[in-house]
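Asker: coords below, sequence missing:
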């Protein structure tokens, strides 16, 4: 059954959506990935460039479907670039001729095979320094994908059911992140015992399994769900590698493949959003109001996070003022549905500040803090839920779409994010606002969950950890607040090294956000 599912995915996906899985196959067989295409012009026919264990270079061009003479005539120019043009890469010895591979998830007809043989023979006979072209078809790909799964194919009935649930979903809804983590942790990352090779195989298999597990979301171009899924996997790999005793160099190639998928899907989301006039989705009669406002908040937040990441990863990249203008024009639509909305607002505030909209950013942060103080006061009966409640949970509760109603009174007099907001205000010099609000702040309990192991930050649900709660001081020194707001001396090394992932992980798992993470990102 699993093999049929893999085959169904393979023959129905496109080259971009099986590219990451194929890269992982190459890593699994001993290759080091030097380059992966973003499928833009000027790439000289090379979708993937690798170096193998024998220090031979390989170049790959990926295609979709059967390649007959008609298709061959369409792609022959790209194929000639693949075999004739040298690899342009700083770490490549240009004097060495690479091995070229034409990869397709379909088949290659005999007429095309004959032409490829003739091209290879002609190049050899005339002693041209061109690459020899080999073919990888669907049959070979399928065998490689199935073999790469090894022991990590779901065995238990409940794991198999979870696999089918994701594989057969419509692909239009939010990703069920709790179930997704459960699948990863119970099927692939359940065993952290030696040998080390088993742990590496588990990470390798996870990238491939997730690639075809997400096929329904790929078909529907649900970029936000894909972004969250790859972010979950990136966190799961990091946690598993740490618990298994793997050093970063041993898992970094797979990790980088997954992280690249996070960024790719966010860029695709940005392109879709900027090409539209509104945030409506599906049937307009069932959209609007809170659903529309929630979608607007989510989209603007992730766009802000992406812009900040692109700048930090490339200092020459300047976050678009167009994004900032886009956010400003939609500020009235934002919805602070609960504390799980905080990461989206955090990045909206950050990108506004980055584009010199300082007063708007400060005003938004003050407004959010005031809303949280008022709504979660001891006297309130309209409290904001803590970050363990997603926007989906809250919408279903408000719209009476579930039998499990949310008891909003349980959040009275406490907050998981208020302390974080206070320190953000301190870093921005909002002393007067805090002086005016402190009396009300002092009656709200600061809450925080601390995982027993720092790597457990990168998962969904934990059984072991410490629930912390304390009231702020009745009177507070501004100087002491300043020291706390800017002190990163106790920041875990794991957070520093994985800052880029944390930026997106707190969007995907807002209940894992804490003072230290926001302090680092702010």
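Answerer: Alright, I've got the coordinates. From a predicted model like this one, the values you see are computed outputs, not experimental measurements.

Asker: Confirm residue 134 sits in a strand?
Answerer: Yes - with the criterion set as DSSP: H, G, I helix; E, B strand; the rest coil, the secondary structure at residue 134 is a strand.

Asker: Give me the pLDDT value at residue 149.
Answerer: Looking at residue 149, its pLDDT is 76.

Asker: ignore the last one, residue 242
Answerer: The per-residue pLDDT of residue 242 was computed as 96.

Asker: Report the contact partners of the residue nearest to residue 133 when sequence neighbours are not counted.
Answerer: Using C-beta to C-beta, 6 or more residues apart in numbering and skipping residues adjacent in sequence, the residue nearest residue 133 is residue 100, 4.7 Å away. Backbone N, C-alpha and C define where each C-beta goes, glycine included. Residues touching residue 100, when contacts are defined by C-beta atoms under 8 Å, 6 or more residues apart in numbering, comprise 58-61, 82-83, 131-134.

Asker: So which of those belong to helices?
Answerer: For the contacts of residue 100, membership in helices holds for 82-83, with DSSP state H as the criterion.

Asker: From the contacts of residue 100, pick the one nearest residue 184.
Answerer: When the contacts of residue 100 are compared for distance to residue 184 (C-beta to C-beta), residue 60 comes out closest, at 27.8 Å.

Asker: What is the burial count for the spatially closest residue to that closest one that is not a sequence neighbour?
Answerer: Sequence neighbours aside, residue 48 is the residue nearest to residue 60 in space, at 4.1 Å (criterion: C-beta to C-beta, 6+ apart). By the criterion of other C-beta atoms under 10 Å, residue 48 has 21 neighbours.

Asker: what's residue 48 in contact with, if anything?
Answerer: The neighbourhood of residue 48, defined by C-beta under 8 Å, 6+ apart, consists of 19, 22-23, 26, 33, 35-37, 58-60, 62.

Asker: Give the bridge partners for it, please.
Answerer: residue 36, residue 60 (DSSP bridges).

Asker: Mind giving me the packing neighbours of the longest helix along the chain?
Answerer: Counting residues, the longest helix found in the chain (DSSP H) is helix 248-274. Taking 3 or more C-beta pairs under 8 Å, 6 or more residues apart in numbering; DSSP states H and E as contact, the helices and strands that helix 248-274 lies on are helix 15-28, strand 32-36, helix 196-213, helix 223-244, helix 289-313, helix 499-508.

Asker: Try it again at 10 Å.
Answerer: Secondary structure elements in contact with helix 248-274, counted by 3 or more C-beta pairs under 10 Å, 6 or more residues apart in numbering; DSSP states H and E, are helix 15-28, strand 32-36, helix 196-213, helix 223-244, helix 289-313, helix 321-328, helix 499-508.

Asker: just those: most buried one?
Answerer: Among the helices and strands packed on helix 248-274, ranked by average contacts under mean count of other C-beta atoms under 10 Å, first place goes to helix 223-244 (a mean of 24).

Asker: What residues does residue 154 make contact with?
Answerer: Residue 154 is in contact with 1-2, 160-164, 183, 186-188, 209, counting by C-beta atoms under 10 Å, 6 or more residues apart in numbering.

Asker: typo on my end, residue 500
Answerer: If you count contacts by C-beta under 10 Å, 6+ apart, then residue 500 has 234, 259, 262-263, 309, 312-313 around it.

Asker: Any figure for the gap between it and residue 224?
Answerer: Here the distance between residue 500 and residue 224 works out to 19 Å (C-beta to C-beta, to the nearest Å).

Asker: Same check on residue 385?
Answerer: Where residue 224 is concerned, residue 385 sits at a distance of 21 Å (C-beta to C-beta).

Asker: One more: residue 363?
Answerer: Counting by C-beta to C-beta, the gap from residue 363 to residue 224 is 28 Å.

Asker: where does residue 114 land in three-state SS?
Answerer: Reducing the assignment at residue 114 to three states with three-state DSSP gives helix.

Asker: Where does pLDDT dip in the protein?
Answerer: Within the chain, the stretches falling below the threshold (pLDDT under 70) are 1, 39-43, 150-151, 155, 282-286, 319-321.

Asker: that older thread, dihedrals phi and psi, the residue nearest to residue 133?
Answerer: Backbone dihedrals for residue 100, given as degrees, to the nearest 10, come out at phi -110, psi 150.

Asker: Who does it form a beta bridge with?
Answerer: So, taking DSSP bridges as the rule, residue 100 has residue 59, residue 133 as bridge partners.

Asker: Helix, strand, or coil at residue 496?
Answerer: Residue 496 carries the three-state label helix when classified by three-state DSSP.

Asker: wait, isn't it in contact with residue 520?
Answerer: Yes - using C-beta atoms under 10 Å as the test, residue 496 is close enough to residue 520 to be in contact (7.1 Å).

Asker: Mind checking which of those two has more residues around it?
Answerer: In terms of neighbours (other C-beta under 10 Å), residue 520 is the more surrounded of residue 496 and residue 520; the figures are 16 against 11.

Asker: Show me what the strand or helix carrying that one is packed against.
Answerer: Under the criterion of DSSP states H and E, residue 520 resides in helix 515-521. Under the contact definition 3+ C-beta pairs under 10 Å, 6+ apart, helix 515-521 sits against helix 342-354, helix 418-427, helix 478-486, helix 493-497, helix 499-508.

Asker: Right, I'll call it a day here.
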